[in-house]
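Enquirer: turn this into a model:
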Amino acid sequence: MPEERLVVIDTDAGLDDALALFISLRAHKQADIAWRILGITCVHGNTALDNVCVNVTRVVEVAKLSDEIPIFRGADRPLVYRTEKRSSFYHGTDGFGDADFSKIEPRIEHEHAVHALVRLAHEYEGKLTIIAIGPLTNIALAINMDPTFSQSIKELCVMGGNVWGVGNIRACAEFNFWADPESVHVVLESPWRQPILLIPWETCKIEAKMPLEWRTDVLGKVTSSEADMMNAIEEKILSRNTKIHDGWVSCDALVPAVMLSSKITMEVQSHFCRIELNGFHTRGQLVLDRPRLSGEEDNVLAVTKIDLQEYEKMLVWGLYGIDEIDFSMSNHIVFPA
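Expert: Below you'll find the predicted structure:
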């Protein structure tokens with residue numbers, strides 16, 4: 001078995017975050033997969049932080065891992081400019097589609113998420129994988145708190161940004177990066193052990209888009225508590241999804257999927273990237289040095305093409321739709337020549 005991957009998931013707990021968490025939690029529970037979740041950190045983003053903490057608690061309870069996976073409350077606002085704009089038009093006012101769930105109390109550790117990130121980075125020096133599927137505020141705060149933080153992390157894997165200037169919250173900006181671009185700046189400027197693995201918006205929108213019928217008639221027919229929750233929280237958006245994406249897209253779930261199986265990734269691009277902070281129309285856009293004029297070393301490895309059938313298998317597996325999957329663990333990111 002490959003070396004165990006030690007994982008912290010940083011999330012803003014919207015609809016696709018839930019599916020990403022279910023995939024990750026199933027891998028954690030499966031003894032023959034070298035994947036252990038050390039904690040889940042909550043951050044503002046798709047919904048207010050209080051909702052994020054409740055949503056993560058709910059997911060972990062459904063996965064029957066409440067006694068095993070610690071949950072940490074993190075940043076409730078961006079580093080500099082506070083914004084009240086959320087993704088409620090897509091994720092609902094509570095982040096989970098305003099589904100009719102009974103009220104629960106969040107099960108949160110006393111330790112702040114940023115303190116937990118710094119502590120775990122040094123407890124597992126050079127061994128920690130961070131999967132960031134929300135705004136990067138918690139990660140940036142950890143860097144600002146401890147300048148050695150980024151060098152203590154084995155790998156950072158992010159869903160966010162764009163490589164062709166296509167946005168979703170703005171014409172040129174993807175939501176996670178737009179929600180706190182100053183934090184993206186801090187993260188991109190930090191000296192990581194290896195380039196950041198990035199799942200950009202265009203890869204999700206183009207490569208990972210599936211027919212709505214696949215979501216309802218295949219994934220939607222899986223029988224499990226996890227699948228029941230996903231069907232409940234996505235019920236409203238599925239009823240109008242053709243007006244949004246002309247299909248079904250689950251962005252955040254692609255991050256643990258490509259980390260768990262190297263069969264999913266078909267193409268990667270290596271770039272030096274910065275984030276636009278000042279543009280009136282382009283704030284939050286990821287800027288790639290395609291002509292390589294900066295002379296800087298590449299800091300991002302972007303997944304640009306995937307095997308959709310392999311991704312579909314992973315999604316069904318994550319909701320316990322199939323018992324077996326041929327995992328090819330990708331514990332070492334392969335950089336293009």
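
Enquirer: what segments of the stretch 101-250 of the chain are helices?
Expert: Applying DSSP state H, counting those that start in this stretch to the stretch 101-250 of the chain gives helices spanning 113-123, 137-145, 149-152, 175-179, 181-188, 201-202, 212-217, 225-233, 235-240.

Enquirer: burial of residue 214, as a residue count?
Expert: By the criterion of other Cβ atoms under 10 Å, residue 214 has 16 neighbours. For the C-beta atoms, the positions are set from N, CA and C on the backbone; glycine is no exception.

Enquirer: and residue 212, by the same measure?
Expert: Quick note: residue 212 (other Cβ under 10 Å) scores 17 neighbours.

Enquirer: hey, what's the nearest residue to it once chain neighbours are set aside bridged with?
Expert: Distances taken as Cβ to Cβ, 6 or more residues apart in numbering place residue 248 nearest to residue 212, at 5.2 Å, with adjacent residues excluded. Residue 248 forms beta bridges with residue 210, as assigned by DSSP bridges.

Enquirer: how many residues are close by residue 248?
Expert: Neighbour number of residue 248 under other Cβ under 10 Å is 22.

Enquirer: pLDDT wise, what is the nearest residue to residue 207 once chain neighbours are set aside at?
Expert: Residue nearest to residue 207 in three dimensions, not counting chain neighbours: residue 306, with 4.8 Å by Cβ to Cβ, 6+ apart. Predicted confidence (pLDDT) for residue 306: 97.

Enquirer: low-confidence ranges in the stretch 151-300 of the chain?
Expert: 241-245 (pLDDT under 70).

Enquirer: neighbours of residue 57, just the number please.
Expert: 21.

Enquirer: over to residue 281?
Expert: Neighbour number of residue 281 under other Cβ under 10 Å is 11.

Enquirer: next, give phi and psi for it.
Expert: Residue 281 adopts backbone torsions of phi -100, psi -10, taken as degrees, to the nearest 10.

Enquirer: gap between it and residue 120?
Expert: 39 Å (Cβ to Cβ, to the nearest Å).

Enquirer: residue 175 now?
Expert: Relative to residue 120, and taking Cβ to Cβ, residue 175 is found at 26 Å.

Enquirer: ok, now residue 188?
Expert: 22 Å.

Enquirer: so residue 202 makes contact with residue 166?
Expert: Yes: Residue 202 lies in contact with residue 166 (Cβ atoms under 8 Å); the separation is 5.2 Å.

Enquirer: of the two, which one has the most company?
Expert: For residue 202 versus residue 166, neighbours defined as other Cβ under 10 Å are more numerous around residue 202 (19 against 16).

Enquirer: now that one: how far from residue 219?
Expert: Using Cβ to Cβ, residue 202 is found at 23 Å from residue 219.

Enquirer: for residue 31, same thing?
Expert: Per Cβ to Cβ, residue 31 is found 25 Å from residue 219.

Enquirer: what about those two, which has more around it?
Expert: Each of residue 31 and residue 219 has its neighbours counted (other Cβ under 10 Å); residue 219 has more, 22 against 6.

Enquirer: what residues are up against the residue nearest to residue 212?
Expert: Residue 248 makes contacts with 209, 210, 211, 212, 214, 215, 238, 241, as judged by Cβ atoms under 8 Å, 6 or more residues apart in numbering.

Enquirer: and residue 292, how many neighbours?
Expert: Residue 292: 11 surrounding residues under other Cβ under 10 Å.

Enquirer: helix, strand or coil for it?
Expert: The three-state assignment at residue 292 reads coil, by DSSP: H, G, I helix; E, B strand; the rest coil.

Enquirer: residue 21 - that's part of a helix, no?
Expert: Yes: assessed with three-state DSSP, residue 21 lies in a helix.

Enquirer: just the element for the closest residue to it other than its chain neighbours, please.
Expert: Spatially, and ignoring its direct neighbours in sequence, residue 21 is nearest to residue 59 (4.8 Å; Cβ to Cβ, 6+ apart). Assigned by DSSP states H and E, residue 59 belongs to helix 49-62.
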